[in-house]
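In: Sequence plus predicted model, see below.
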Amino acid sequence: MRSYLVSRSLRMVAVMVALIAATFFLSRIVADPVALTLPMDASPADRARVTHELGLDKPLPEQFVDYLGGLFRGDLGVSVWQRQPALSIVLERIPASIVLAVATLAVSVVIGLAIGVAGALRPGSLVDRVATLASATSVAVPDFWLGIMLVTLFAVQLGWVPTSGYGSLIQLILPVATLAMRPIGRLARVSREAVLEEMGKDYVTAARARGLSVMSIFRKHVFKAIVAVAITIAGYDFVYVFTGHAVGVETVFNWPGLGQLAVEATLRQDVILVSAIVLFSGLLVTLVNTLLDVVHAAIDRRVTL
Amino acid sequence: MSTLPDSLPDGARELPSMPARLQVEDLHVEFSTRRGPVPVLSGVSLDLRPRERVALVGESGSGKSVTALAIMGLLSRNGWVSGGSVTYAGHDLTLLPEKEYRKVRGREIALIFQDPTGSLDPLRTVGSQVAEAIVTATGHRKSDLRDQVVQALHQMQIPDPERRAGQYPHELSGGMNQRVMIAIALAGGPGILIADEPTTALDATTAAGIMDLLGTLAHDRDMSVLLITHDLGVVADFAERVELMYAGRIVERGPVNDIFYRPRHPYTIGLLGSVPDVSGQRVVKAIRGSIPSLTALPTGCVFHPRCDRMQERHTCREQAPDLALISGSDQRVACHFSDEADREHAAGPRQELAEPETSRSADTDPATHPLVEVDDISVVFHLKQGLFRSGGQVTAVDRVSFDIERGETLALVGESGSGKSTTARVVLGLQAPTSGRVVFDGVDLTTGDKRFPKGVRRRVQAVFQDPTSSLDPRMLVLDIVTEPLVVHDLGSPAERRQRAEEMLDLVGLHPEHLERKPAEFSGGQRQRIAIARALIVEPDLIVCDEPVTALDVSVQAQVLLMFERIKAHRNVSLLFIAHDLAVVRQIADRVAVIYLGEIVESGPADEVFTRPRHPYTRALLSAIPVADPRRGRDRDRIILEGSTPSALAPPSGCRFHTRCWKAEDICHTDPPALAPHGPALAACHFPEEGPVHMATPGGGSR
Amino acid sequence: MSSTVDAPRLSGNRLGDRLRHAPPLSALLAYGFLGLMCVVAVTGALLTPASPTDQDLAARLMPPFWQAGGSLEHILGTDQLGRDLLSRIMVGARTTLAIGVATAALEALIGVPLGLTAGYFGGRLERVIMSLTDIQMGFPAALLIIFIVLVLGPGPVVLTVAMGINGWMIFTRLTRVTVRSLKTSGFVTASVVAGGSHRFIMRHHLMPHLRGPLLAVFLLEVPRMILAESVMSFIGLGVQPPTISWGLLIGGSRDLIAVAYWLSLFPGLAIVFTVVSLYLVSNDLAARRARL
C-alpha cells in the first residue's frame, strides 16, 4: 500500500508538471501575449515595453522558472479582459461549479445505481430492458441540446421553472437534470454489468451453496465490489464538470461556472485568464483523481499488488 | 426412461440394510443455447447412503458437475430440470421453493468447488468468511466467534491459523484456500458433502493432503461424500462405490473393486486403459474418437461410434441400452453386450505388460556431442514494485544442467513454480538465461542475440499445453500447419500443401481438414494439428510443454501414443515437460525432477521410477493416485506437510528441507550437490537406497 | 472414414445460420440511416430540396409543413432569414461527419503506432509511452481544446487537431492491451518458435486480430467526436459561419427557442440519430466478430 501511494503520488506530480508545461507552451510560445494585450495599431515601442514588462525578452528557461514561481505564489497573471488577477476571477466562479458538480453527482449516483442494480437483479425483465435502452440512448444525446429542449418544454411552454440563472434551488433543477442524464446512463450500465459479473463468480455460487440468499450475498459481498466501481465512476462525473465538459450546459442555462467563464474569456481572446482556468481546474482534477484511486485501492487491496 | 421401474427394487437388493440419504432418480437437465435446448443430463439416477463415499466419474461434458449443481438447485439461469427427482429426507428437492431450498444448502448438503481461490470473496479476509459461515449455520453470534474460527481452521490442518485468519484469499496458496473452503462448507454440519473436482487445480503433493483430509473429516463427522472427478486414481484411493458418466448418462455403476477389476462397459475398460500407469507395468491403450458434442449426440447407445465391442451391430446404433444389473453382482452396466466383457477379460486387456526393457535410452555415439547441452543455466526475474524500490528477485531456474541425446526423450517433471516451463522457454530461445549456456548440436545459442540463427530455429520446434490458444483462430489449418515452411521459405505452395497433407495423415487427421478453422476441432484434434505443425520442418528436437495436461484422459492417451509413434519413427528428440510423473512413465528415456528451480534428481526413467533417491521424488511418486484400488491403498503413502515455499524466499540449505521427513541440521545449512548414486544423480544428503514400494498387481504388500 | 476422426463439432445448415445471424432490425435501420447520411454528406448541396443559403425574407421562421403556416416547400420549416432548414441540415452533415471521421482517424493515427510499439516491444519504451498516456488522460481535455482553439483561432482544422491530440489515448490503450495478450498467446509463441520474424508476426498474427477491436473503437470515437464538435460549434468556438454544422445550427437558433423550437429540435435529432446509428453498427460488428 505504501509503495502504491508513492507511485501514485509521483504520477500525480508528473501530470501536474506536464500540464504546467503545456499551458506555458501554449500561452507564451504558440500564442503571442503581446499582440493579444495591445490594440492592433500599437507602436513598436509599445510592443517592446510590454514584451519587457511580461518578461518575454528573457531566455525561455528563465521565463519558465518565472512562470513556475508565479504559480507557487498564486499569481496566475492578470486578466486582460477584466483587468483583475486571474486567480480571483477563477475563484469567484468556483462555488457555482461545485454546486453543479455535487448536485449532479448526488443525483446520478442515487438514480444510476438504483437503476443498474435493479436491472441486474432481474436481468431480462421489463425494468431491465427499459433501463438498458434508456442508458444506451442517454450517451447519444448532446447535453446542451437536451438542455434547450427541457427549457423549451418546462420553462417556455409550461413555465414551471425559470429558463436560466443561478442562485436559487429551483434554478438548479434543469441544469442538473440535463447534466446528470449521461452519468446516470453510464452508472446504470456499469453497475449493472459489475453486479452481473460479480454475481456470476464462483464465490457467489459457493455462498449460495451454503444456503445464503441472493439478497444477503448481495449485501455482504457484492455490494462492496460495486461501491468500488461506483466511486470510480462517480468521481469521474465530479471531475467532468471541472474539466469543462459542462460548458455546453452552462452556456444554455447561463450558469456562472468555470466552463462559461472559459467560453467568455476565449471569445474575448483573454489568453491569461483561459490558461489560469486550465491550470486551476487541471491541478484540482489531478488531485481529486489521485484521491479517488487511493480510496479505490483501500477498498480493493488487489489493486496495489 | 425404462431404467426407472426396476431401479428401486434392485437398489434395495444391492444393499438392503441402509436407506439412501440422497436419491437422484431419472434426472433430466436441459440448457438453452442459441441452437435451442440441449440435453445435458439424460436420466441420471444415483443414491448416496449414510457415511458412503461415492465417486461420480466422467470426462468433460459428461454432466458430472451439472449433476452436482442440479442436486443443490444451483443451475445457472439458462439451465433447468426437465424431469426426474432429487429426494432428500422424504422431500423432492426439485419442487422446493427457493426459501426452503436454502435451508438444505450448507446445513444438509454442502458443496465445494474446483477453484478454491475463486470460491472465496476476494475482498474479505478468510477468517471473516469462515466466521460468516459459522454465524449463518448456528444462527447466532457467540462471543468466542474468533476462537471458533481459529478452531475450524485448525481442524482443517491449516498451520498458524491465527495469522491465516487475518489474510486475504490471494495471500494464501490454492491448497490452503481449499482447506478454508472446506471449513466454510462444513460449518453447517452437513450430512452430505459434494466435492466437485476438489483437487484438480492443485499440485499432486498438495492434492494428496486434501483428499486425506476429506477422508478423515467424512469419517469423523459421519458424512456421506459424493466426489466428482475425472481422475480415476483419486477414485481408486477414495471411493467405495463408483458411478461412471458419459454424455449425460450413467454407463456403469458398482463397488470400486468391481469397476476397476471387472469393468464391463467398453468405455470403462477404455478409460482404465487410457490412464498412464506409474509402475510401468501396463502400457497405455487409447479409446478412439473423441467425446461427442451434446448438440449432436449419436443415436442409440451414445458410445457406439467409439466402441470396439459393437462390431457393426445394429442394436447399438438404434437402441439405447438400459443400466441393467449384472446378475450375481452389485454392478450395473448400460451396454447391450456386457456379457462379452468376460470374454474380453480372458483375452486380458489389463494384463498387457510392457516388454521388459533392459535399457531404453537411445544409442549414443560417445565420439559425438549430445544434441542439446544445457549447461548450468539460471534464470533470475527481477520483480518491480513501485518506481524506485526493487521488489526483490526470483530465481526461477537455478543452475540447471542436462543433455539430450539424439532420438532421446528427456522428461522434466516438477510441480507448479518449479521452473520447468521457464527451462523449456530457455531451450526454445524464448527466454534468455541470466547465466549458463544452451548448446544445440555444437552451436551456442546463448551468445547475446535473443533470436536463434535461422538454421537452428528450424531444427527446434514446440508443442504447447493449450491447443486452443496455440492455434490462431483466424487461420485455416493449412496456413497453420505450413507456417514454419512459410517463414523459412521452404517449398512452393503446392509442395507445402502436399507436406501438410502428409503431416495430417501422420497425426490421424484428413486432408480435407486443411480447409477448416481451429474452432471446428476438438481439443485432442487441435493438439494433433499443433504436432503436425511442429513436425512439418522435420526438426531434431521438439520441446513439449505439458502437451497432454489440458486434454481429457481418453484423448490424452491418444496423444501420448502418438508421441511414442513419432519418437519411434522419426528419430526426433523430445524434451517433455510435465507435472505428472505417471504421464511420462511410458514415453521418457530419462527423467529429471525439478523442485524450486533446482534439479533434485535425474537418471534413466526405470531407475528414477523404481528406486528414486531423492525424498521429493519419492513423495511425488507416492502422491500420484493409482487407478487401482488395491495397489493404490497398499502402496507407501507419503503426505508432505505444508506447501511449496515461495520462490521469492527459497529455504536455505536444501530447498526441500522444510517439507522433508528426513531433514537434519545439515539440510538447513548446506545445499546438497547433484551427485551420482548408481546410474542416477540425486541432490540429497540422505538419499534413499531401496526400491520404492509400488505394490505390483496381485499383492506383495508389506 | 478413419476411426480417429470425429465429425466437426457443430455442423449446421448454412441458410439457417445466415438467417439466424442476420443483424437485428435496429442494426439494419442504423446501416440504412448511416448510408443515407454518407450519400447526403458526399453530394452536399446537389440533392437539397432548396438552396441552403438563399434567403427569403417573406418566408421567415416558417414552421414544419404539418403545422399551421408551414408548407411542403419547406418540409422542416425555415430560419430567421427564410433559409430552408432541411437543406441546411443536409449540408451540415458533411461538416459534422467529416470532422467526426477525421478526428477519430487522427486519434488512431497517433494512438495505434504508440500502442503497437508499447505492447509489442515492451520494456522502457512501453513505460514511457504508458506514462505519456496516463498524463494525457489526467488533462482537462475540454478546457485544453478550448485553449488551443483560442490560441490558434477557431475553424474545422484547428478543431480536428485540438480534439485529436487530446483523445488518442483510447487507441493506445486498446492496441497495447490487445497486442500484449496476443503476444503471450500460444499461437504467437508458436510462430516465434517456428521462426517468424517481427514483421511476419505483426502481419499475420497481430494485424488480423487488431482490425476488429480497432474498428469497433473507431466507430465509437466518431460519434463521441461528433458530439464534441457540436458542443464546440454551439458555444461558438468550433466551425464558424458561413460553414454549416449541426452544432452551429442549434447555436444559431438559441435565442429563438421561444418562437421557433424546430430550429433546435431537428439538427439535434440529426445528431442523435447519427450517434445512435454508429453505436448500433459498432455493436452489430462486435457481435458478428464474437460469433466467429
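Out: Looks like it came in fine.
In: where does A:Asp128 fall, phi/psi-wise?
Out: The phi and psi torsions at A:Asp128 (degrees, to the nearest 10) take the values phi -60, psi -40.
In: how close does it sit to A:Arg189?
Out: Using CB to CB, to the nearest Å, A:Asp128 is found at 11 Å from A:Arg189. All C-beta atoms are positioned from the backbone trio N, CA, C, and that covers glycine.
In: the more surrounded of the two?
Out: More neighbours surround A:Arg189 than the other of A:Asp128 and A:Arg189, with 22 against 18 (other CB atoms under 10 Å in any protein chain shown).
In: Quick one, grab the pLDDT at the residue lying closest to the more buried one once chain neighbours are set aside.
Out: Distances taken as CB to CB, 6 or more residues apart in numbering or on different chains place A:Ser135 nearest to A:Arg189, at 4.7 Å, with adjacent residues excluded. A:Ser135 is assigned a predicted lDDT (pLDDT) of 83.
In: In contact with A:Ser135: list those residues for me.
Out: By CB atoms under 8 Å, 6 or more residues apart in numbering or on different chains, the residues touching A:Ser135 are A:Ile115, A:Ile184, A:Gly185, A:Arg186, A:Ala188, A:Arg189.
In: Can you tell me which of these is nearest B:Pro19?
Out: Using CB to CB, A:Ile115 comes nearest to B:Pro19 of the contacts of A:Ser135, at 51.3 Å.
In: what packs against the helix or strand that contains C:Lys183?
Out: For C:Lys183, the host element (DSSP states H and E) is helix C:169-184. Contacts defined by 3 or more CB pairs under 8 Å, 6 or more residues apart in numbering or on different chains; DSSP states H and E place helix C:169-184 against helix C:85-121, helix C:123-138, helix C:207-234.
In: So for the last one, what gets flagged as buried?
Out: Taking 16 or more other CB atoms under 10 Å in any protein chain shown as the neighbour-count basis, helix C:207-234 is seen to contain the buried residues C:209-210, C:212, C:214-234.
In: So which elements touch that helix?
Out: Applying 3+ CB pairs under 8 Å, 6+ apart, one finds that helix C:207-234 contacts helix A:143-150, helix A:247-252, helix C:85-121, helix C:141-152, helix C:156-164, helix C:169-184, helix C:246-252, helix C:262-291.
In: ok and it relative to helix C:141-152, angle-wise?
Out: Here the directions of helix C:207-234 and helix C:141-152 differ by 70 degrees (axes from the mean of the first three to the mean of the last three CA atoms, to 10 degrees).
In: What of the second one?
Out: Using the same axes, to 10 degrees, one finds that helix C:123-138 and helix C:141-152 are set 90 degrees apart in direction.
In: is any part of helix C:123-138 close to chain A?
Out: Yes. Contact of helix C:123-138 with chain A is found when judged by CB under 8 Å from any CB of the partner chain, involving C:Ser131, C:Asp134, C:Ile135, C:Gly138.
In: any chance of those residues in JSON lines, plus distance to B:Ala334?
Out: Shown next, in JSON lines, are those (distance: CB to CB, whole Å):
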{"residue": "C:Ser131", "distance to B:Ala334": "64"}
{"residue": "C:Asp134", "distance to B:Ala334": "61"}
{"residue": "C:Ile135", "distance to B:Ala334": "66"}
{"residue": "C:Gly138", "distance to B:Ala334": "65"}
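In: what's the helix holding C:Lys183 in contact with?
Out: Taking CB under 8 Å, 6+ apart as the rule, helix C:169-184 contacts C:107-108, C:110-112, C:114-116, C:118-120, C:122, C:126, C:129-130, C:133, C:136-137, C:188, C:205-206, C:209-210, C:213-214, C:217, C:221.
In: three-state assignment of the residue nearest to A:Arg189?
Out: Three-state call for A:Ser135 (DSSP: H, G, I helix; E, B strand; the rest coil): helix.
In: just B:Trp80 next, same as before
Out: Assigned by three-state DSSP, the conformation of B:Trp80 is strand.
In: partners of it in the sheet?
Out: B:Glu30 (DSSP bridges).
In: State the distance from it to chain A.
Out: Distance of B:Trp80 to chain A, computed by CB to the nearest CB, to the nearest Å: 15 Å.
In: Can you pull up the most central residue in the chain?
Out: No chain specified, so I'll use chain A. Nearest to the mean C-alpha position of chain A, by CA atoms, centre = their mean, lies A:Tyr240 at 2.0 Å.
In: try again with chain C
Out: Centroid-nearest residue in chain C, with CA atoms, centre = their mean: C:Val222, separated by 1.5 Å.
In: is it true that that residue touches C:Ala102?
Out: No. The criterion here is CB atoms under 8 Å, and C:Val222 misses it with C:Ala102 at 9.6 Å.
In: Now do the buried residues in the host helix or strand of B:Leu214.
Out: In this structure, B:Leu214 sits in helix B:204-220 according to DSSP H and E. By neighbour count on 16+ other CB under 10 Å, the buried set for helix B:204-220 is B:Ala204, B:Thr205, B:Thr206, B:Ala207, B:Ala208, B:Gly209, B:Ile210, B:Met211, B:Leu213, B:Leu214, B:Leu217, B:Ala218.
In: what's the closest of the residues you listed to chain C?
Out: Set against chain C, the nearest of these by CB to the nearest CB is B:Ala204 (24.3 Å).
In: What's the local residue count around the residue of the stretch 501-650 of chain B found nearest chain A?
Out: Residue of the stretch 501-650 of chain B nearest chain A, by CB to the nearest CB: B:Leu648 (13.1 Å). Neighbourhood size, B:Leu648 [other CB under 10 Å]: 12.
In: now it: how far from B:Ala396?
Out: B:Leu648 sits at a distance of 11 Å from B:Ala396 (criterion: CB to CB).
In: got it, and B:Trp80?
Out: Distance from B:Trp80 to B:Ala396, by CB to CB: 48 Å.
In: Tell me which of those two has more neighbours.
Out: For B:Trp80 versus B:Ala396, neighbours defined as other CB under 10 Å are more numerous around B:Ala396 (23 against 15).
In: So the more buried one belongs to a strand, correct?
Out: Yes. Checked against three-state DSSP, B:Ala396 lies within a strand.
In: which element is B:Ala663 on?
Out: Assigned by DSSP H and E, B:Ala663 belongs to neither a helix nor a strand.
In: residues in contact with the closest residue to it other than its chain neighbours?
Out: For B:Ala663, ignoring the flanking residues on the chain, the nearest one in space by CB to CB, 6+ apart is B:His657 at 4.1 Å. Contact analysis of B:His657 by CB under 8 Å, 6+ apart lists B:Pro651, B:Ala663, B:Cys667, B:His668.
In: Please report the distance of B:His657 from chain A.
Out: From B:His657 across to chain A, the span is 29 Å (CB to the nearest CB).
In: Same question for B:Arg164.
Out: For B:Arg164, the distance to chain A - CB to the nearest CB - is 16 Å.
In: With adjacent residues omitted, what lies nearest to that residue?
Out: Here the nearest residue to B:Arg164 in space, its sequence neighbours aside, is B:Ile158; by CB to CB, 6+ apart that works out to 5.5 Å.
In: In terms of helix, strand or coil, where does the closest residue to B:Phe452 other than its chain neighbours fall?
Out: For B:Phe452, ignoring the flanking residues on the chain, the nearest one in space by CB to CB, 6+ apart is B:Gly429 at 4.8 Å. Here B:Gly429 is coil, with the state taken from three-state DSSP.
In: ok, B:Gly429 to chain A distance?
Out: In terms of CB to the nearest CB, B:Gly429 sits 31 Å off from chain A.
In: Please work out how many residues are found near that residue.
Out: Using other CB under 10 Å, B:Gly429 is surrounded by 21 other residues.
In: List the buried residues of the strand or helix carrying A:Ser281.
Out: Per DSSP H and E: A:Ser281 is located in helix A:271-299. Across helix A:271-299, burial judged by 16+ other CB under 10 Å covers A:271-286, A:288-290, A:292-294, A:296-297.
In: counting contacts, what elements does it pack onto?
Out: Using 3+ CB pairs under 8 Å, 6+ apart, helix A:271-299 is in contact with helix A:2-24, helix A:33-37, helix A:86-121, helix A:223-242, helix A:258-267, helix C:123-138, helix C:141-152.
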